[in-house]
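Participant: Fold the following for me, if possible:
(one chain, ligands or ions: 1)
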Amino acid sequence: MPFNLDNIAALSNQHPKPTYYQYQYGTAGFRTLGDRLDSVVFRIGILAALRSMKHNSHAIGVMVTASHNPEQDNGVKLIDPRGEMLEASWEVHATTIANARTTEELVNVIQHIIDVVNIDTTRPAVVIYGRDTRPTGESLVAALQDGIRAAGADGRDAGITTTPIIHYLVRATNSKDFGEPTEIGYYTKMTDAFKKLVAGRPKISPLLVDCANGVGYIAADKVKKYLGDTLSLILENTSTATAGALNNSCGADYVKTTQRLPPSLNGKLTPVQRGCSLDGDADRLIYFYIDEKRQFRMLDGDKIASLVATFIVDLVRAAGLQGQIKVGTVQTAYANGSSTKFLAQRLPVKCVPTGVKYLHHAAESFDVGVYFEANGHGTVLFSRNTQETLEKHEPKTPAQQTALNHIINLTKLINQTVGDALSDMLLVEVVLAHRSYTGVEWDSLYTDLPNRLVKVVVNDRNAFVTTDAERRLVSPPLLQQRIDELVLKYDGGRTFVRPSGTEDVVRVYAEASTRVQADDLAYRIAGMVYDEAGGDSTRRTSPVQLSHLLTRPCHSIINQAFDSRLRLDRRRPMNGDGFGVGWYDSVYDPELGGQPCIFTSVTPAWNNANLARLAVKIKSPLVFAHVRATTAGSLSLDNCHPFAYENLMFMHNGNIADFHLFKRRLQADLPDHLFSFVQGNTDSEWSFALFLSKVPDPNARSFSPEILRNAMLETIASLNQYAEDAGVTEPSLMNFCVTDGSSIVVSRYISSRKDEAASLWFSSGTEFNEYAEGGHYRMSKSDKRENIIMIASEPLTFERADWMEIKTNHLVVITPKMNLLQIPIEDKYFVSPSDPASLARDTDFAEEKGLLNPLTRQSKLAHDAAATAHESPFKRQVTAEH
Ligand SMILES: CC(=O)N[C@H]1[C@@H](OP(=O)(O)O)O[C@H](CO)[C@@H](O)[C@@H]1O
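Facilitator: Now for the predicted structure:
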């Protein structure tokens, strides 16, 4: 049917825009929860048709995918006639059309675009579209088809397929000499070139491919058949139909962000065997292997760029084309500093803002442009001139002829429209075969600088404005200056702050010559960013059933207290000194108030039937739990942690040395109402009273993280002063934990420069769930979000690699928006983590008190990520869930 605004209006009424959402065409098109996108996708169908009319009826592509994001998300992006990302000026039209509130407004917006861009709507239009395996994809494609039909365009359904294939189909449809415009044409072109490139080389060993349980599996399975026995692919994570499996603890983004092997590949990847992960729409690729010491080693986009670019430089030289073909690389600020150094010594390197369109564009300025984001998205572009040079070149020797053939075959193997994980994978395999490299040799091209990526949720990420390819901030004012001053203190330090283009967060990246320094730098900068623009949100976290934390996991703080496999503190036969659990309501009820509910008992936790009954019926967004081994104070309900005062809740792990020597003085310093608030006789509860005296108004309904943080620092300082004045020489162990139900402040602290504090760990992820019967729980990270944060005196799951140690004499602040900030406590007992003396802290003292697990420490020092089955029975646990 011809283009007609009445048709559009009629069909638009079936795809109304939800009132509350504002959509934005960002770095990767539109991306949000899949069930919010119906109207957007319908309208994108229309916009694609208009774009095709504008471009002489050349085909336009539409891909429905949310790539590496969780399964419930979805997205849609447009592909331009040459297979490239949508031109920037049309991104604005896409955003405008998506946000038209009514059908009438939509019709006006469309008419406006037609007028402004000058589109001849009598021209035919062609739209090629596809989707990934997400469950919401089917209905979204139906909406897209309505949009295409409404605009009178010819829609061509490529079915369930990968993003790079849609890019290829668009380009091949529009440029007949590019290749046959079918999936078969694509696979044949790519695999034929691969076979020619590896002909005569020794047989390639099998490659394990993690397909992220997505459409990459469908594509990889086809490629596998075309490859025959030239390369054997072992496909893993192939469950495309299993609900919730897509990108869940697997895939390229999981590997890159967690720097870990997907747990599903444990035992499947043999030492030194090559493995790689695709993402949910197969446009990203990350390689990895396990070395002989069983260490996981990642080979990311930077390593791929380094391998490929230097190979092409050598081929160009071998073909006698140096001087005629200039090879260059393009990176973003996220590229590891070592990779930039490695590449810059060999060829030109450009740095551009994050987002493939910037990399692609910059790569076009080279004769051969190699571009990869560190996250594994990239490709190689051969310019038109280069293609002509290759065709015309007359080699002088057989060796030159061979090299020339190789380059020509590379131009066919590589998907030059956009990064394709599968074509990139074959490219890597070609180079490894030619270089006779295993993963080990490839890895040794350079050593990655340790780095850390942290995200900070702020009130308004648009307050952060960058320059110099996002490497420097121009706003907020003066923040960059403070960053510059700080980074100077770190050996090999580099850091930058930028607003994300795909999530409502600000990202902080830091690298330095040691892991400790990189972490320290990242968290300090994240703290600065938060202080600058954090704000206070009243957003509540989403609740978790208490049983998932307390009673069901076999290694929960309660169960391990009696499980001898898990126990380390053998000073007493068993820990039966009572326990306590404190939690906040999921929904604020003015009648109930905002105070936590506390349940304590002096009987052992594991046979408390009431606890088991309560735990299955209560959900809470924030839980404190404590198992007590008496260090001070008698066995009584009054002495069980956590303690609460109005909305504040508090626990302590450790002990205040020679407390009796200054208890009276501390009491004297308290106002009457806080003196009489204390019910028990523990150093911990008196410390809480002291803390309350440092808070401006302990009866307030909520507290900013800064208020809690300052009160905690003052409490520690006062306790130190009392001890010093009383002539106490033994260090005090002050791991305190406080919350108002929204923010949490935890200290890992010892009043000593030479001893190690009681241990403290944290783990964060998107879900904490049972992966095997019998209470085997683990934290999973299906994406970069942090829905759950756990803080505990020892790792609470057997996946030791999921846990990061909080450094001695640091505070951890979890803000209401789930930012996790680590802040040094810089008093006279502070030794900077970058000072080698910090590693020399003596563990004997805390170990003697049963508050540090020597096995944990040893395994950490040996960098052994394997789980140990030893955990101390003396625990604190903080859980907050979004
Ligand atoms: C640090 C990082 O990985 N950033 C990603 C991410 O962008 P942000 O703007 O950082 O949200 O998504 C982009 C689109 O997929 C990708 O191009 C980019 O590399």
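
Participant: Only C-alpha atoms from now on, for both contacts and neighbour counts.
Facilitator: Will do.

Participant: Can you give me the buried ones in the longest helix along the chain?
Facilitator: As assigned by DSSP state H, the longest helix anywhere in the chain is helix 705-725. Within helix 705-725, the residues scored as buried using 16 or more other CA atoms under 10 Å are 705, 707-709, 711-716, 718-720, 722-723.

Participant: next structured bit after that helix?
Facilitator: strand 735-739 (DSSP states H and E).

Participant: returning to that earlier point: and the longest helix of the chain, how far out from the chain middle?
Facilitator: 34 Å (CA atoms, centre = their mean, to the nearest Å).

Participant: which residues are contacting that helix?
Facilitator: Contacts with helix 705-725, where a contact means CA atoms under 8 Å, 6 or more residues apart in numbering, come from 657-659, 661-662, 665-666, 687, 690-692, 694-695, 729, 734, 738-739, 743-745, 747, 751, 811, 813-815, 825.

Participant: And stretch 399-413, by the same measure?
Facilitator: 189-194, 196-197, 312, 315-316, 318-320, 382, 390, 394-395, 423, 426-427.

Participant: circling back to that earlier point, average pLDDT for the longest helix of the chain?
Facilitator: Per-residue pLDDT values over helix 705-725 give a mean of 96.

Participant: what is the orientation angle of it with strand 735-739?
Facilitator: In terms of direction (axes from the mean of the first three to the mean of the last three CA atoms, to 10 degrees), helix 705-725 departs from strand 735-739 by 150 degrees.

Participant: I'd like the numbering to begin with 22 instead of 1 from here.
Facilitator: I'll keep to 22 as the first residue from here, and by that count the last item is helix 726-746.

Participant: send the alpha carbons of helix 726-746 over as PDB?
Facilitator: C-alpha atoms of helix 726-746 as PDB (Å, rounded to 0.1, in the frame of the first residue of the first chain):
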ATOM      1  CA  PRO A 726      25.500   8.600  54.100                       C
ATOM      2  CA  GLU A 727      27.800  11.500  55.000                       C
ATOM      3  CA  ILE A 728      26.300  11.900  58.500                       C
ATOM      4  CA  LEU A 729      26.700   8.200  59.200                       C
ATOM      5  CA  ARG A 730      30.200   8.200  57.800                       C
ATOM      6  CA  ASN A 731      31.300  11.100  59.900                       C
ATOM      7  CA  ALA A 732      29.700   9.700  63.100                       C
ATOM      8  CA  MET A 733      31.500   6.400  62.500                       C
ATOM      9  CA  LEU A 734      34.900   8.200  62.000                       C
ATOM     10  CA  GLU A 735      34.300  10.200  65.200                       C
ATOM     11  CA  THR A 736      33.400   7.100  67.200                       C
ATOM     12  CA  ILE A 737      36.600   5.400  66.100                       C
ATOM     13  CA  ALA A 738      38.600   8.500  66.900                       C
ATOM     14  CA  SER A 739      37.000   8.900  70.400                       C
ATOM     15  CA  LEU A 740      37.600   5.200  71.300                       C
ATOM     16  CA  ASN A 741      41.200   5.600  70.300                       C
ATOM     17  CA  GLN A 742      41.500   8.700  72.400                       C
ATOM     18  CA  TYR A 743      40.000   7.000  75.500                       C
ATOM     19  CA  ALA A 744      42.300   4.100  75.100                       C
ATOM     20  CA  GLU A 745      45.400   6.300  74.600                       C
ATOM     21  CA  ASP A 746      44.500   8.400  77.700                       C
END
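
Participant: Closest one to residue 114 out of the buried residues of helix 726-746, please.
Facilitator: Lowest distance from residue 114 to those (CA to CA) belongs to residue 726, with 41.2 Å.

Participant: what's the distance between the closest one and residue 760?
Facilitator: Distance from residue 726 to residue 760, counting by CA to CA, to the nearest Å: 9 Å.

Participant: returning to that earlier point: out of the contacts of stretch 420-434, which are inside strands?
Facilitator: Per DSSP state E, strands hold the following members of the contacts of stretch 420-434: residue 403.

Participant: check contacts around the closest residue to residue 616 other than its chain neighbours.
Facilitator: Leaving aside its chain neighbours, residue 616 sits nearest to residue 668 (4.2 Å; criterion: CA to CA, 6 or more residues apart in numbering). Taking CA under 8 Å, 6+ apart, we find residue 668 in contact with 615, 616, 617, 720, 721, 722, 723, 761, 762.

Participant: Closest one to the ligand out of those, please.
Facilitator: The ligand lies nearest to residue 762 out of these, by CA to the nearest ligand atom, at 29.4 Å.

Participant: just checking, what packs against whichever helix or strand residue 540 is part of?
Facilitator: Here residue 540, judged by DSSP H and E, is contained in helix 536-554. Counting contacts by 3 or more CA pairs under 8 Å, 6 or more residues apart in numbering; DSSP states H and E, helix 536-554 packs against strand 472-477, helix 500-508, strand 527-532, strand 841-845.

Participant: ranking the ones you listed by burial, who's on top?
Facilitator: Mean neighbour count (mean count of other CA atoms under 10 Å) peaks for strand 527-532 among the helices and strands packed on helix 536-554, with a mean of 25.

Participant: Adjacent strands (with direction) for it?
Facilitator: strand 472-477 (antiparallel), strand 515-520 (antiparallel) (DSSP bridges).

Participant: Least reliable of those by average pLDDT, please.
Facilitator: It's strand 472-477: among those, that one has the lowest mean pLDDT, namely a mean of 86.

Participant: Not counting sequence-adjacent ones, nearest residue to residue 253?
Facilitator: Nearest to residue 253 is residue 227, by CA to CA, 6+ apart, at 4.8 Å.

Participant: now do residue 97
Facilitator: Nearest to residue 97 is residue 85, by CA to CA, 6+ apart, at 4.4 Å.

Participant: what's the span of stretch 141-154, first residue to last?
Facilitator: 36 Å.

Participant: returning to what we had before: could you identify the helix or strand that succeeds the helix holding residue 540?
Facilitator: Next along from helix 536-554, by DSSP H and E: strand 565-566.

Participant: contact partners of the following helix or strand past that following strand?
Facilitator: Next helix or strand after strand 565-566 toward the C-terminus (DSSP H and E): strand 600-604. With CA under 8 Å, 6+ apart as the test, strand 600-604 has contacts from 617-626, 641-649, 661-663, 670.

Participant: Run the angle between the longest helix of the chain and strand 841-845 for me.
Facilitator: Using the same axes, to 10 degrees, helix 726-746 lies at 30 degrees relative to strand 841-845.

Participant: picking that back up, can you tell me which of the contacts of stretch 420-434 are in helices?
Facilitator: Those of the contacts of stretch 420-434 lying in helices (DSSP H): 210-215, 217-218, 333, 336-337, 339, 411, 444, 447-448.

Participant: For residue 671, give me the pLDDT.
Facilitator: 97.

Participant: For it, which non-adjacent residue is spatially closest?
Facilitator: Nearest non-adjacent residue to residue 671 (CA to CA, 6+ apart): residue 759, at 4.4 Å.

Participant: How many residues are close by the one you found?
Facilitator: For residue 759, the number of neighbouring residues by other CA atoms under 10 Å comes to 26.

Participant: next one: the one 10 residues further on
Facilitator: Other residues within reach of residue 769 by the criterion other CA under 10 Å amount to 27.

Participant: If it is in a bridge, with which residues?
Facilitator: Assessed by DSSP bridges, residue 769 has beta-bridge partners residue 831.

Participant: Isn't it up against residue 755?
Facilitator: Yes - using CA atoms under 8 Å, residue 769 is in contact with residue 755, at 6.6 Å.

Participant: and for these two, which residues touch both?
Facilitator: With CA under 8 Å, 6+ apart as the test, residue 769 and residue 755 both reach 778, 779.
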